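> pasting a predicted model and its sequence here:
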Amino acid sequence: MPELHLPFYIYPFFFIVALLYSSVGHGGASGYLALFAIFGIVSPAVAPIALTLNIFVATTSFLIYRHSGYFSFRLLLPFIVSSIPAAFFGGWIRVTDEMFAVMLGSILLLTGLRLLFFRKVEQKLNVSGGIIWMMGIPIGLVLGGIAGMIGIGGGVFLSPVILLLGWADVKRTAAVSSAFIVLNSISGLTGHIIRGNVIFEPLLIFGGVVIAGGLIGSYMGAKRITQKQLQIALGIVLVIASLKLFF
């Protein structure tokens, strides 16, 4: 079983990331992985930790958005049909520390650039179910595989895909993405558990920290902070973390 030596001062930063990500309906896995990278902790062992924290925070976001009436199972289903098995096999695949660093750095860089430069688009009306299934299955397959290997839920990529295609507005996209994150994270985490790549000791403290951040973030996102401000802050952090991994 892998071992990690975590500094005590890392936990407040996880609280902040959970707070920021939950305010836009995400679980925060890419942010947690960015923090591990910034603090020099680069190991495949951090992937299942990020997936577990993702489940905690994204579940909180999903329940809030679903209670508010924004969730669409019709839009979610085509993506998860392929993403859930792909996430499992992605989590089951063993990667070296070097490969993990390169893959993670690439994902963080693309995510950061997406957050910094993505712009809102208008929602299209009456999109046919056939088109959603035809495009959703291959998209879910790719995002699920990446999610399992790297330790993310994939929602940070699914959200811009849905918005750019015009299949939902921002709030409905957040609701679908949060459910997508939870299901993929559970699937990917199962793959890591089967091959013994899970460290349970840090999860109790980490779990309490990110759940607290997630609850506060959900409130702040609805009442206080604009999505544009959050995107800029998160994008800068992820780009810095990716550059640290590459160099």
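Yep, it's here. Source: prediction; values computed, not measured.
> the helices in this structure, which residues?
Assigned helices in the chain, in chain order: 11-22, 29-38, 46-67, 73-92, 97-117, 129-150, 155-165, 170-194, 203-223, 227-246 (criterion: DSSP state H).
> can you put those in CSV and add mean neighbour count and mean pLDDT?
Glycine gets a C-beta too; all of them are placed from N, C-alpha and C. CSV is the format used below for the helices of the chain (neighbours: other C-beta atoms under 10 Å; pLDDT from 0 to 100):
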stretch, mean neighbour count, mean pLDDT
helix 11-22, 22, 88
helix 29-38, 27, 85
helix 46-67, 25, 86
helix 73-92, 21, 90
helix 97-117, 18, 78
helix 129-150, 20, 87
helix 155-165, 22, 79
helix 170-194, 25, 86
helix 203-223, 18, 80
helix 227-246, 18, 73
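> what about residue 40, neighbour count?
Residues lying near residue 40 (other C-beta atoms under 10 Å) number 8.
> swap that for residue 96, please
Residue 96, neighbours per other C-beta under 10 Å, totals 9.
> how close does it get to residue 206?
Distance, residue 96 to residue 206, by C-beta to C-beta, to the nearest Å: 25 Å.
> which residues touch residue 12?
Going by C-beta atoms under 8 Å, 6 or more residues apart in numbering, residue 12 touches residue 209.
> how about a cut-off of 10 Å?
Counting by C-beta atoms under 10 Å, 6 or more residues apart in numbering, residue 12 makes contact with 209, 213.
> how about residue 26?
By C-beta under 10 Å, 6+ apart, the residues touching residue 26 are 18, 20, 54, 57-58, 61, 152-153, 155-156, 158-159, 174, 177-178, 181, 214, 217, 230, 234.
> for residue 153, give me phi and psi.
phi -90, psi -20 (degrees, to the nearest 10).
> please renumber so the chain begins at 502
With 502 as the first residue, the last one maps to residue 654.
> pretty sure it contacts residue 608?
No - checked against C-beta atoms under 10 Å, the pair residue 654 and residue 608 is beyond contact range at 12.0 Å.
> give me the common contacts of these two.
Residues touching both residue 654 and residue 608 (C-beta under 10 Å, 6+ apart): 530, 531, 648.
> among those, which one sits closest to residue 613?
residue 531 (8.6 Å; C-beta to C-beta).
> against residue 666, how distant is the closest one?
Counting by C-beta to C-beta, the gap from residue 531 to residue 666 is 21 Å.
> kindly report the same for residue 737.
Separation of residue 737 from residue 666 (C-beta to C-beta): 27 Å.
> residues touching residue 508, list them.
The contact partners of residue 508, by C-beta under 10 Å, 6+ apart, come to 540, 541, 542.
> dump the residues you listed to JSON lines, plus pLDDT and distance to residue 513.
Shown next, in JSON lines, are the contacts of residue 508 (pLDDT from 0 to 100; distance: C-beta to C-beta, whole Å):
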{"residue": "540", "pLDDT": "86", "distance to residue 513": "12"}
{"residue": "541", "pLDDT": "83", "distance to residue 513": "17"}
{"residue": "542", "pLDDT": "81", "distance to residue 513": "16"}
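> right, I'll leave it there.
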